[in-house]
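# Structure of the sequence below:
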Amino acid sequence: MRLTVRPPRGAPPRTLAAGLALGLCGCAQIFGLDELKPIPEGPPMVTTAITRVAIGATVVNEPLDLTGAMATYLISDPLEVGGFRKVQASITPGQPNQWQAAIDPDVEAQLLYSFPDDPIVHHSALPQRSQRLLYSYLGTVTREDVPLDASFTFNIALDRAYAAADALSWYSLGAWTARAFVPGELPAVGAVRFQPPLEFPFTSSTSLGGRPHQRLQATDAMLFLRYNAGKLSGYAAAPPFQMSGGPNPITGTLTAVAQTESLAASFDTTTTTARLANVRPANPTVQPVWFIVAAPAGSLGFTGGPTLASAGIAPNTGVVPVVASYGNPFGDRGWTPTLIWRVLASRVYQPAGMPAIALSSAFITTQPVPTDNSPLGAPSCLPTSVVVQGATLLTDGLTVTLDRTKPVAVSFIADNTDADAYVISLLEIVVNGTVASLQTRFESISNKTTWSLPADLFVAGKTYVVRAECSRGGIPGITLGDLVGREATRHSGYMDSGAFTVAQ
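Numbers count the residues shown, from 1 in each chain. Below is the predicted model of the structure:
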């Protein structure tokens with residue numbers, strides 16, 4: 001028999017003699033007891049800290065208060081219904097941006113978590129017991145609903161007469177919306193302003209952040225943009241304002257953009273096209289293109305921002321040198337010129353009774369704009385096929401049956417293993433009227449190309465696509481479980497699996 005005293009949680013373990021300070025030398029021998037030993041405290045804590053990066057006209061990079069968020073650690077356990085034992089995470093006392101749970105050191109735990117007002121379920125399958133994750137999005141820290149009757153009235157003076165080759169649009173950073181003006185809305189050729197001023201509902205714009213439209217705030221940037229021959233040639237920035245219901249007047253005068261910056265790079269269109277041809281389902285339409293954007297978070301590898309210049313390149317035409325000029329009138333705002341080199345291969349799929357939708361695969365490189373004729377090819381690995389519960393999704397339109405008492409196995413095959421991280425996203429095909437779109441329901445990061453996921457992530461009767469991605473660069477601390485530190489240069493390759501419906 002062994003007598004011990006359990007200390008309060010967090011205090012050092014103590015023996016009976018030390019705990020009571022009896023000073024009874026030799027008492028263990030007197031009572032015939034074995035030598036007293038400390039009692040272990042219990043399993044050590046697994047911790048996950050979250051940093052938020054909210055990207056608007058300015059970037060907020062701060063620890064995220066996890067109050068109201070939900071997090072559960074998942075431990076594989078075949079005796080549990082669904083195949084997982086769930087351990088509810090709690091917020092670490094004194095650290096409101098960190099979750100914790102007591103989990104044995106020889107047990108591997110995944111983290112499933114979500115945030116208020118975010119429809120995406122997030123997941124980390126990284127192996128480190130102490131992780132620092134990043135929650136990033138296009139938007140402001142505080143988000144507000146749009147007044148139902150909110151509209152814009154544009155009264156913009158041009159710096160020169162409108163030409164038929166000019167493309168006009170507006171772009172907001174913060175609410176992250178954009179809208180191109182179409183024939184019937186554009187000024188007459190030779191005119192120097194909209195006459196009469198053009199009015200349209202705010203919700204007729206496109207939301208760029210993947211979220212419902214948000215109210216424009218005084219901290220946002222509202223830009224009126226003119227493009228000619230693929231380059232930003234003029235802009236006007238509206239005075240800051242808080243969007244209200246009814247008409248919101250947008251005034252200003254266009255300023256010409258001086259083309260004083262330069263790009264010099266060589267783009268490999270042949271290797272990228274050949275590798276994309278190995279993806280299944282096949283994506284026959286290939287479109288190489290480069291963009292230069294003014295990105296508020298460009299130094300962190302995030303590319304949201306207005307385009308400064310862009311051009312397409314013919315596929316499979318070898319290594320193509322490009323020298324181009326562009327202008328960045330937003331340098332005083334700290335919006336970094338960032339190059340995006342993308343080779344996109346796409347296909348069109350039309351599910352039965354639904355509108356057609358475009359699915360794709362691509363190589364994407366983001367980096368500071370090169371001026372030394374740097375070669376850009378496809379330095380990341382590329383997923384080529386996806387497997388869900390034993391079904392290889394080589395074609396669109398399959399039905400996948402799941403055993404909901406067990407985890408769902410998801411994996412993908414890549415053409416090499418030169419990657420720092422592997423990501424999957426579960427995209428639901430959603431129909432709104434006559435338009436189909438992909439809505440992200442779940443995303444996960446791992447150091448492997450295999451996942452074991454809860455079956456309730458997949459809703460019976462829904463049609464999904466798994467987007468599989470390899471990523472290299474941009475996250476220097478990922479091998480330590482630290483995803484917070486970011487770099488400007490990142491390479492990725494992704495593919496959309498065959499669309500599949502989960503059996504009822």
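# which secondary element of the chain has the worst mean pLDDT?
With mean pLDDT, DSSP states H and E as the measure, the helix or strand of the chain carrying the lowest mean pLDDT is helix 16-20 (a mean of 33).
# Could you point out the helix or strand that follows the helix or strand containing residue 233?
For residue 233, the element it lies in under DSSP states H and E is strand 231-237. Downstream of strand 231-237, the next assigned helix or strand under DSSP H and E is strand 247-253.
# Extract the CA atoms of that following strand and return them as PDB.
Output of strand 247-253 as PDB, limited to C-alpha atoms (Å, rounded to 0.1, in the frame of the first residue of the first chain):
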ATOM      1  CA  PRO A 247     -27.800  56.200 -52.600                       C
ATOM      2  CA  ASN A 248     -24.100  56.600 -51.600                       C
ATOM      3  CA  PRO A 249     -22.500  59.200 -53.900                       C
ATOM      4  CA  ILE A 250     -19.000  58.400 -55.200                       C
ATOM      5  CA  THR A 251     -17.100  61.400 -56.500                       C
ATOM      6  CA  GLY A 252     -13.600  62.100 -57.700                       C
ATOM      7  CA  THR A 253     -11.400  62.800 -60.600                       C
END
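# what's the helix or strand following it in contact with?
Proceeding N to C from strand 247-253, the next assigned helix or strand is strand 255-256, under DSSP H and E. Residues outside strand 255-256 that contact it (CB atoms under 8 Å, 6 or more residues apart in numbering): 159-160, 233-236, 329. (C-beta placed from N, C-alpha, C; glycine too.)
# what residue ranges in the protein are flagged as low confidence?
Applying pLDDT under 70 to the chain picks out residues 1-42.
# same thing but at 50, please
1-34, 36, 39 (pLDDT under 50).
# Which strand in this protein has the most residues?
Determined from DSSP state E, the single longest strand within the chain is strand 336-349.
# Of the contacts of strand 255-256, which is the most crowded?
Compared across the contacts of strand 255-256, residue 233 has the highest neighbour count, 23 neighbours, by other CB atoms under 10 Å.
# Verify the contact between that one and residue 168 for me.
No: between residue 233 and residue 168 there is no contact under CB atoms under 8 Å: 10.6 Å.
# Need the residues touching each of these two.
Common neighbours of residue 233 and residue 168, counting by CB under 8 Å, 6+ apart, are 226-227.
# what's the farthest-apart pair in the contacts of strand 255-256?
Largest separation among the contacts of strand 255-256 by CB to CB: 160 and 329, giving 16.1 Å.
# got the contact list for stretch 170-181?
In this structure, residues lying in contact with stretch 170-181 by CB under 8 Å, 6+ apart are 56-57, 138-140, 152, 154, 167-169, 198, 200, 202, 204-209, 213-217, 219-225, 243, 250, 296, 304-306.
# Please pick the buried ones from these.
56-57, 138-140, 152, 154, 168-169, 198, 202, 205, 207-209, 213-217, 219-225, 243, 250, 296, 304-306 (16 or more other CB atoms under 10 Å).
# Of all the residues in stretch 58-67, which ones are buried?
For stretch 58-67, burial by neighbour count (16+ other CB under 10 Å) applies to 58-59, 64, 66.
# Would you state the helices of this protein in chain order?
Using DSSP state H, the helices found in the chain span residues 16-20, 27-30, 270-276.
# Please name every helix or strand in contact with the longest one.
Going back to what we said before, that points to helix 270-276. strand 285-295, strand 336-349, strand 357-368 (3 or more CB pairs under 8 Å, 6 or more residues apart in numbering; DSSP states H and E).
# now that helix: how far from the chain's centre is it?
For helix 270-276, the separation from the chain centroid amounts to 25 Å (computed by CA atoms, centre = their mean, to the nearest Å).
# who touches that helix?
Contact partners of helix 270-276, identified using CB under 8 Å, 6+ apart, comprise 283, 286, 288, 315-319, 343, 345, 361-363, 377-378, 382, 415, 493.
# repeat that for 6 Å
With contact meaning CB atoms under 6 Å, 6 or more residues apart in numbering, helix 270-276 is reached by 286, 315-316, 318, 343, 345, 361, 363, 377-378, 382.
# now the strand holding residue 233 against strand 285-295, angle please.
Per axes from the mean of the first three to the mean of the last three CA atoms, to 10 degrees, the angle that strand 231-237 makes with strand 285-295 is 40 degrees.
# now strand 231-237 against strand 247-253, angle please.
Using the same axes, to 10 degrees: strand 231-237 against strand 247-253 is 120 degrees.
# so how far is strand 231-237 from its chain's centroid?
For strand 231-237, the distance to the chain centre is 28 Å (CA atoms, centre = their mean).
# That strand - contacts with which helices or strands?
When contacts are defined as 3 or more CB pairs under 6 Å, 6 or more residues apart in numbering; DSSP states H and E, strand 231-237 packs onto strand 221-228.
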